[in-house]
Structures are given as structure tokens and as C-alpha cells.
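Undergrad: sequence and predicted structure below; questions after.
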Amino acid sequence: MELFYTNTRDSSERVTASQAILNGLAGKGGLYVPTAIPHLEMPLSDLAGKTYQEIAYEVMRLFLTDFTEEELRHCIESAYDEKFDCQEIAPIREADGAYFLELYHGATAAFKDMALSILPHLLITAAKKNHITDEIVILTATSGDTGKAALAGFAGVEGTKIIVFYPKDGVSPIQERQMVTQQGDNTLVVGIHGNFDEAQTGVKQMFSDPKLNADMAKAGYRFSSANSINVGRLVPQIVYYVYACAKLTGGSGEHINVVVPTGNFGNILAAYYARCMGMPIDRLVCASNENKVLYDFFSTGVYDRNREFVLTSSPSMDILISSNLERLIYRIAGDDAAENEKLMRQLTETGVYKITQKMREQLDIFYGNFADEAETAATIHSYFKDAGYLMDTHTAVAAAVYGKYVADTGDRKKTVIASTASPFKFTRSVMKAINSDDPSADDMTLADRLAAISGVPIPKPIDSIRDAAVVHHTVCDINEMEPVVRDFLKN
């Protein structure tokens, strides 16, 4: 049965999977969601013995129904190959009673590789299926990891260009260096004087600007997105939660919990969709840093972005507008596009919306909490000292919140923690947490010392930027984002 996608803000819009991937953002600023979430057809016990690539096919074929088997298998095999430094693609490591799903073994050492390794292949295939001759311009905002993973995926891909905006003072030095050293004539990296929310808002405005889009079309371009607002990002993320359930339970029927460090809500939404597909996931633990807008939402039913924006050691989570939460709001509103659109309009106009009690009752499977900077550092220190396990700042937020969850509920069932980035991407914060920081040393020197202390080798994607030349120097104000795009495209 073919699965279609509809608009969270306009029920009249209905497209195929390939069209949703091509468009990126739906009309009226909405997001595409599947008209139904399919149930996994193969028993989990059968999936337990399969490879990551085989599980990816069984999941993705149910969501991307207008892709042929040959097309989909080609995309999967092209994505999950030697770019990853381990055969399992997403290994699971046990430490201190929890199971860490390591999602950072790809081309840029962050979990975004899990989806952005395949998105270019899905996008190019989708363009051919829909007879698109325009050049595709990937327009994206990043809080740190999406940018480099998208750049690595699209650099040199014929028929595409990619423009990445990031907060100039809101990413780690290694994250920034990974982006600004990116080679490729079809790439542009731009630092903005602002935060991630402002970068993301600017990108959304360009997507929905009729004049800009008309000018781009006249010049032979069309915009698409590499952010998690694109279903081509979201669907591949569902795969690794199905994979984790299969590998950890063996199809026994045992239920597990999942903990996800959360900013834009896409990663934990993928876990939610996996649960809706029939995965034996009991609770979804939403872990926030000091930008705890999601913790407050799950606690009160009120989403309020009117607060101080905090720069933390886990910058990929420094977000106050969690775009993918809209997909969950749409679902708990009974797939009511008009009700969802009303709430999102309130968010735009006032910065606040409140869901109904009936909607809140559908969120019982979620548990929200947060970890401050001291708790994050203490978690890195304790896991390294007591369990010999090294983690980055984002994973530490999740591990700290997991500890709070167990303390609050007494629930000790088997738990998967999404480990979202290599600790070497946030070397200074990690070294400071394990009491080995040297303020006079640069980040690469600290990376060498961390490798020596931990016995964990520096990932190739990090080590390779050591002597790489900076090729992107553009910095702009928020109101200059569109002119920068036009100049790069010479329009």
C-alpha cells in the first residue's frame, strides 16, 4: 500500500514520499507527516540476526513507498559503507548498567551522519523520479553537527548546491573548524551574528518567501532542506531505534526505555515513531540541557520560548524552538491541521502555546528532565572514572537525566541511551570534566592528550582537520542571510 505525506498546517496538501523529500518544508511553514505510521511487518526476532543495512531496508520501504526496491537498496548500500569506522554502523556499548547506542561512527563523528549519509542519495533519486531538472539548493541551519554532516553528504554531488548557516559564537571550535574547512565548489558555510533559533527562522522564511522562490525557479534552482524537518532525515533515524530494539531484545518481547538528548526534537521523534511501529519501547526520556523548554513543556503542557537563551557545553541542544515537536503536536491533536496551525501561529506571534488536557494525556509515555552544566560535567567524570566509558557533553546530558529518571520512578528496565557525538568533538569540555584541561592548549592538542589518557583513538574525521585550510570566511547578520544566498547563486 502506498503511503502519502500530508502537511501539519494544511490538510489539503498530500504528496508522495519522494515529493516530500524534494520539497523539504511543506506549504504554509508546515511539516510533512505520514498519513499513517506503518506497523513493522517482519517479526523483531527475525530482524535480530540482520545487518544494519538489512534492517534499514525493512523499515524504510514502509515509509518510502514510491521508491523501488532497487532504488532504495542502492541508496542504503551507498550510505552505510566504509564511511563508517565499524561494521555494525551503530554499535551498542554497555556501561554502568545502561546501553549506549553509539551513533557517531560516520563521516563527521556525529549522529547526523546516520541520516545525512543517505539523504543525498534519496534526494537525487527523488529528483529523477519526479523529472526535476532544476539544480537543488540545500538550505540549512545548524546548531553544530547537521552542518558538517550535510556538507560531507552533498559536497561534489552533481546537480546540487548546499548553503549552511551556523551561529558564529554558538558551536564548539572543532565543530566550526569541521565546517569552515569543507572543500567543494558547490558548498557555502556562513556564520551568523545570532543563535541557532534565529538561523533556523531565517532559513524557514526563505523557504516560504514567494518572490525569492520565484526568482530561484527562474534561475533554474529549487530549495530543499537537510534539516530534520525533511522526512528524508527523519525516516532513516527511525531505523537505528528499530535496530537497537532488535539487537537488545532479540525479539523476546522484553520492553526497553530510550533516553535521547534533545534539542530540535527530531531524534526522539524518530524513537516515538519506532514505538508507534510496534517496537517494545516503554518510556521515552527527553533530556534537555539548561535550555529546558522541552522539560517545561512536558511538565506543564505549556510551550514557552520567551526565556534567556543559554550557551552551554552541549551546543547542538541550545535550541528554544524545537521544530519537530510540531509533528508530535499534530498527532496528539488528532491529526487536526487547523488546530496545529492555530498553536504554531500562537508560537510565532507570542512565543507561547498551551495544549489541552486531552492532548497532555497522550504524552504519558514521555518523561522530561534536564541537566545543568555542573551535572553534565560530573556525569562525564563519573562514567569515565567508574566505568571507563568516555562520552561527549550531549550524551552526558542524557546519562544525567537517565539517573534522575531512575531516581524518580524506580524503573530499572533495560535502557538505551542515544550517544550522539564523539567526545573528541567537544574535547575541551570533556577534558575539563575529567580534570585534565589545559587552558593554554588548543583543541587539537587537547584531543591528543585525551586519546592518550583514555586509550580511545581520535576519530579520523576529527584528526583530518588538524592541518586543513579554512576555505569559508563569510559572516553576516541575520537580516543579510537572503542577500548572501542570492550572491552565492548569483541571483
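TA: On my side now, so go ahead.
Undergrad: need the helices for the stretch 1-150 of the chain, in chain order.
TA: Using DSSP state H, counting those that start in this stretch, the helices assigned to the stretch 1-150 of the chain run over residues 17-23, 44-47, 52-63, 69-79, 113-116, 119-129, 145-154.
Undergrad: next, the angle helix 119-129 makes with the third one.
TA: Right, helix 52-63. Calculated by axes from the mean of the first three to the mean of the last three C-alpha atoms, to 10 degrees, helix 52-63 forms an angle of 40 degrees with helix 119-129.
Undergrad: same for helix 52-63, what does it pack against?
TA: With contacts defined as 3 or more C-beta pairs under 8 Å, 6 or more residues apart in numbering; DSSP states H and E, the packing partners of helix 52-63 are helix 44-47, helix 69-79, helix 231-249. Placement of C-beta: from N, CA and C, glycine included.
Undergrad: next, format those as a markdown table and append mean pLDDT and distance to residue 190.
TA: Written out in a markdown table, the entries for the helices and strands packed on helix 52-63 read as follows (pLDDT from 0 to 100; distance: least, C-beta to C-beta, whole Å):
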| stretch | mean pLDDT | distance to residue 190 |
| --- | --- | --- |
| helix 44-47 | 95 | 42 |
| helix 69-79 | 97 | 26 |
| helix 231-249 | 97 | 20 |
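Undergrad: among these, which is the most enclosed?
TA: Scoring these by mean neighbour count under mean count of other C-beta atoms under 10 Å gives helix 231-249 as the most buried, with a mean of 25.
Undergrad: how far is that one from where the chain is centred?
TA: Taking C-alpha atoms, centre = their mean, to the nearest Å, one finds helix 231-249 lying 13 Å from the centre of the chain it belongs to.
Undergrad: need the next SSE after that helix, C-terminal direction.
TA: If you walk from helix 231-249 toward the C-terminus, the next helix or strand you reach (DSSP states H and E) is strand 256-261.
Undergrad: helices of the stretch 151-300 of the chain, residue ranges please.
TA: Listed from the start of the chain, the stretch 151-300 of the chain has helices (DSSP H, counting those that start in this stretch) covering 173-180, 196-207, 210-218, 231-249, 266-276, 293-300.
Undergrad: possible to save those helices as CSV with distance to residue 101?
TA: As requested, the helices of the stretch 151-300 of the chain are arranged in CSV below (distance: least, C-beta to C-beta, whole Å):
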stretch, distance to residue 101
helix 173-180, 21
helix 196-207, 24
helix 210-218, 38
helix 231-249, 5
helix 266-276, 10
helix 293-300, 20
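Undergrad: out of those helices, which gets nearest to residue 335?
TA: Distances from residue 335 to each of the helices of the stretch 151-300 of the chain were compared by C-beta to C-beta, and the smallest falls on helix 266-276, at 12.8 Å.
Undergrad: in TSV: the helices and strands packed on helix 52-63, plus distance to residue 318.
TA: Output for these, formatted as TSV (distance: least, C-beta to C-beta, whole Å):
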stretch	distance to residue 318
helix 44-47	36
helix 69-79	28
helix 231-249	19
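Undergrad: what's residue 140 in contact with, if anything?
TA: Residues touching residue 140, when contacts are defined by C-beta atoms under 8 Å, 6 or more residues apart in numbering, comprise 146-147, 150, 162-165, 203, 225-227.
Undergrad: which residue is most remote from the mean position of the chain?
TA: residue 440 (32.9 Å; C-alpha atoms, centre = their mean).
Undergrad: name the helix or strand for it, please.
TA: With elements delineated by DSSP H and E, residue 440 resides in a region that no helix or strand encompasses.
Undergrad: the closest residue to residue 46 other than its chain neighbours: what's it in contact with?
TA: When the adjacent residues along the chain are set aside, residue 46 lies closest to residue 251, with 7.1 Å between them (C-beta to C-beta, 6 or more residues apart in numbering). When contacts are counted by C-beta under 8 Å, 6+ apart, residue 251 touches 43-48.
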